[in-house]
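1. Just need the structure, nothing else, for what follows:
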Amino acid sequence: MPFDCQSRISKRVQEIPPSPIRRFFGLVESMPDAISLSIGEPDYVTPWRVREAGIFSVEKGYTQYTHNRGIIELRREIAAYLARRFSVEYDPESEILVTVGVSEGVDLVMRTLVNDGDKVVIPQPAYVAYPPTVTLAGGVPVCVDTYEEDRFQLTAERFDRAVVESGATLALISYPNNPTGAILPRERQEELAEVVRRRDLLLISDEVYIELTYGQTPVSFASLPGMRERTVLLSGFSKAFAMTGWRLGYVAAPADIIEAMNKVHQYTCMCAPHLAQRAAVEALQRGLSDVEHMRDDYNQRRRVIVNRLRDMGLPCFEPEGAFYAFPSIAGTGLTSIEFAERLLTEQRVAVVHGSAFGECGEGFIRCCYATSMPKIEEAMIRMRQFLETL
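-> So this is what the prediction gives:
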C-alpha cells in the first residue's frame, strides 16, 4: 500500500490556494510569443550604480552572514531616508529590521502579532498573499470590500464597522494599492488613523509602492499624529528601485515589536543577503534620482494604457499609484478568469483576473504597465482584437 503523503500535509496549507499570479506566470513562460502584463515587476534592470555596489561588495569579500537585523550601515540609511522623506524617525539600532523582501516582512509580522483566532482586517481588492499569511499564522482574515465609486479607498465607516463586528485588533492596509493603483489622500488616512486610535488597534502598513505615486505627495501612516507607536511599517527596494531579484525589504516599528519579529527571523531566514544589503546602501544614498526617472516613465505608460483601455470600451479607474491598471470587463459577459484565460490562449496577452485579489475584484482584470511602451501598445492591439471577437 503506497504511503499517503497528502494526509500528512498541514490542514492550513491544504486549505490555502496556490498563487493565481504565479499560475499565469508559469503559463506565459511556456508561450514565447506572449506579452505579459501579469507580473508586478519593473522591466528596468537595477540601476548600474546599485549593481556596481553589489559587485564591489562581492569583490571586497562581503559574503558572510550579517547581523540578524541587517548591517548597521543599511539600517542607518533606512532611518535617514524615512526621516527625510516622510518625517518619521526610527532608531536604526532597535526599531528597524532588514528582511528578505517585503514578503518576509508580511509573514514575520503575522507570525509575531497574530494569536490563534485573532481577526485581521484587510481591505480588498488586495495583494494575494495577505489573507493566506494571516491564515498560516492561525488568524482569521476579515476582508472589507472597497469600490470603484469610492476610488477603491477604504472608508472610515466601513473600516470601523468591520473592526466592531469582528472584534479585530489588527488591520493590514496597503496604499498605493495593488491591484487597483488607488492611493489614500492624507485626509482619508487621518480618518482611518482616528479609527485605529479609538478602537485601540495596531496597524500594519505595507508601503512598498509609496515612491510610485503620480501627482500627490506620499504620506506614511506612521507620520500621522499618534500613529508611530501603533504602526508596523513595511517597505522595500523591489518596486521603486527595480530590485525585485535582490530580495530586500525592511520593517520599521516600535522596539518591542522588532525584537519579537527578530526572534522569528533568526530561526527562519537568519539574515537578508549580504551583497543585496550593500547594494541597497548605495540605492538610498545616490539612487533616488533613478527612482524619479522610472516614476516619470511609468507615469507616461499609465496614461497610455488607461486611454487605450477606455478607447476599446473597457471602463478603467485612473490609477494614482503603483504600476497597475484595473479595468472593468463586466460588460463582456465573461468572468474575470474566463476573460484572462481566453485572452492568453487566443491573443497571447497575460493579465491577472480580478477575483484573484478578492471577491470584490470580480468583473475586473489587472494589467501591469511596468513593461516597455512597445509591448504595451502591442498588447492593447491584441486585446482590442480579442474584444472584437466576443
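2. what ranges do the helices span in the stretch 1-150 of the chain?
-> Secondary structure of the stretch 1-150 of the chain, counting by DSSP state H, counting those that start in this stretch: helices at 11-15, 20-29, 48-59, 72-86, 101-113, 130-136.
3. okay, these in CSV with distance to Gln189 next?
-> (C-beta placed from N, C-alpha, C; glycine too.) What follows is those, written out as CSV (distance: least, CB to CB, whole Å):
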stretch, distance to Gln189
helix 11-15, 33
helix 20-29, 27
helix 48-59, 30
helix 72-86, 12
helix 101-113, 20
helix 130-136, 19
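4. quick one: buried residues of stretch 144-158?
-> 144-146, 148, 151-156, 158 (16 or more other CB atoms under 10 Å).
5. Give me the contacts around it.
-> 121-125, 159, 162, 173, 175, 177, 180, 182-184, 188, 191-192, 194-195, 317, 326, 328, 358-360 (CB atoms under 8 Å, 6 or more residues apart in numbering).
6. Just the terminal-to-terminal distance for that stretch.
-> Using CA to CA, to the nearest Å, the end-to-end distance of stretch 144-158 comes to 7 Å.
7. top helix in the chain by residue count?
-> helix 288-311 (DSSP state H).
8. what angle sits between that helix and helix 72-86?
-> Going by axes from the mean of the first three to the mean of the last three CA atoms, to 10 degrees, helix 288-311 is angled at 60 degrees with respect to helix 72-86.
9. what packs against helix 288-311?
-> On a contact count with 3 or more CB pairs under 8 Å, 6 or more residues apart in numbering; DSSP states H and E, helix 288-311 meets strand 316-317, strand 324-327, helix 373-388.
10. Could I get the CA-only coordinates of the longest one as PDB?
-> I take that to be helix 373-388. Taking C-alpha atoms only, helix 373-388 is exported to PDB below (Å, rounded to 0.1, in the frame of the first residue of the first chain):
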ATOM      1  CA  MET A 373       5.800  51.000 -24.300                       C
ATOM      2  CA  PRO A 374       6.100  49.000 -27.500                       C
ATOM      3  CA  LYS A 375       4.900  45.900 -25.600                       C
ATOM      4  CA  ILE A 376       2.000  47.900 -24.000                       C
ATOM      5  CA  GLU A 377       1.000  49.200 -27.400                       C
ATOM      6  CA  GLU A 378       1.000  45.700 -29.000                       C
ATOM      7  CA  ALA A 379      -0.800  44.200 -26.000                       C
ATOM      8  CA  MET A 380      -3.600  46.800 -26.400                       C
ATOM      9  CA  ILE A 381      -3.900  46.000 -30.200                       C
ATOM     10  CA  ARG A 382      -4.200  42.300 -29.400                       C
ATOM     11  CA  MET A 383      -6.800  43.000 -26.600                       C
ATOM     12  CA  ARG A 384      -8.900  45.100 -28.900                       C
ATOM     13  CA  GLN A 385      -8.800  42.200 -31.500                       C
ATOM     14  CA  PHE A 386      -9.900  39.800 -28.700                       C
ATOM     15  CA  LEU A 387     -12.800  42.100 -27.700                       C
ATOM     16  CA  GLU A 388     -14.000  42.300 -31.400                       C
END
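11. So for it, mean pLDDT?
-> For helix 373-388, mean pLDDT rounds to 98.
12. what does the model give Thr335 for pLDDT?
-> pLDDT recorded at Thr335 is 97.
13. pretty sure it contacts Glu359?
-> No. Using CB atoms under 8 Å, Thr335 and Glu359 do not qualify as a contacting pair, with a distance of 11.8 Å.
14. Those two: who's more crowded?
-> Thr335 (16 against 11; other CB atoms under 10 Å).
15. May I have the phi/psi pair for that one?
-> phi -70, psi 160 (degrees, to the nearest 10).
16. farthest pair in the buried residues of stretch 144-158?
-> Glu148 and Ala156 (18.4 Å; CB to CB).
17. for this structure, which spans come out with low pLDDT?
-> The chain contains residues with pLDDT under 70 at 22-26.
18. what ranges do the strands span in it?
-> Using DSSP state E, the strands of the chain run over 35-36, 96-99, 119-124, 140-145, 170-173, 202-206, 231-236, 249-252, 316-317, 324-327, 349-350, 352-353, 365-368.
19. Quickly run through the sheet partners of the third one, with directions.
-> Spelled out, that is strand 119-124. Sheet pairing of strand 119-124 (DSSP bridges) gives strand 140-145 (parallel), strand 170-173 (parallel).
20. contacts for that strand?
-> 110, 114, 130-131, 134, 139-146, 154, 159, 162-163, 166-173, 357-361.
21. Tell me which of the helices and strands packed on helix 288-311 sits most buried.
-> Ranked by mean neighbour count under mean count of other CB atoms under 10 Å, the helices and strands packed on helix 288-311 are led by strand 324-327, which reaches a mean of 26.
22. Show me what it is packed up against.
-> Helices and strands touching strand 324-327, by 3+ CB pairs under 8 Å, 6+ apart, are helix 288-311, strand 316-317, strand 365-368.
23. Quick one: closest of these to Arg75.
-> Arg75 sits nearest to helix 288-311 of all the helices and strands packed on strand 324-327, at 17.9 Å, using CB to CB.
24. Could you report the distance from Lys119 to Glu15?
-> Using CB to CB, to the nearest Å, Lys119 is found at 17 Å from Glu15.
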